[in-house]
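In: any chance you could fold what I've pasted below:
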Amino acid sequence: MNIDPTKLAPLQGLLKKPHVNSTCIWCSACVYVTDEAYFKLNDDGLSCVQKQENYNESMVDDAIASCPVNAISWQACDAEGNYTNGVTEHKDIV
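Out: Alright, predicted model coming up:
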């Protein structure tokens, strides 16, 4: 895995879930890597995060590493699994 641990360290202990931004190119690498457990392609061909109670960090980290356009990241969420700070799927994070 080629993920810089310094980028993951600030997220330790927080509620988080994967996020796909607008740079998704429909390659489906994330779908393949996670066996469709965490990502699926929608009708427009964009990768979408599947709602889960818990995400296997290793599998999601592998999906992040496999994304050729860096469209996937971990983002903070609330206890119901909703992104916080105005983050929405397929929107860029500022």
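
In: from here on, contacts and neighbour counts on C-alpha atoms
Out: Noted.

In: can you pull the buried residues of the longest helix anywhere in the chain?
Out: Longest helix in the chain by number of residues (criterion: DSSP state H): helix 57-66. Using 16 or more other CA atoms under 10 Å as the test for burial, helix 57-66 gives 59-66.

In: can you name the next helix or strand after it?
Out: Heading C-terminal from helix 57-66, the first helix or strand you meet, by DSSP states H and E, is strand 72-76.

In: now do that following strand: everything it contacts.
Out: Taking CA atoms under 8 Å, 6 or more residues apart in numbering as the criterion, the residues outside strand 72-76 that touch it are 14-21, 63-64, 83-84.

In: which of these fall in helices?
Out: 63-64.

In: what is the most widely separated pair among the contacts of strand 72-76?
Out: With distances taken as CA to CA, the most widely separated pair in those is 63 and 84, at 21.7 Å.

In: only alpha carbons, please: show stretch 41-55 as CSV.
Out: Taking only C-alpha atoms (Å, rounded to 0.1, in the frame of the first residue of the first chain), the coordinates of stretch 41-55 have been written out as CSV:
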residue,chain,number,x,y,z
LEU,A,41,-21.3,2.5,-10.0
ASN,A,42,-24.5,4.6,-10.3
ASP,A,43,-26.6,4.9,-13.5
ASP,A,44,-24.2,7.7,-14.6
GLY,A,45,-21.2,5.5,-14.2
LEU,A,46,-19.9,7.3,-11.1
SER,A,47,-18.6,5.5,-8.1
CYS,A,48,-20.8,5.9,-5.1
VAL,A,49,-20.1,5.0,-1.5
GLN,A,50,-22.4,2.3,-0.1
LYS,A,51,-23.7,3.1,3.4
GLN,A,52,-22.2,0.7,6.0
GLU,A,53,-22.1,0.7,9.7
ASN,A,54,-18.4,0.1,9.7
TYR,A,55,-15.9,0.3,6.8
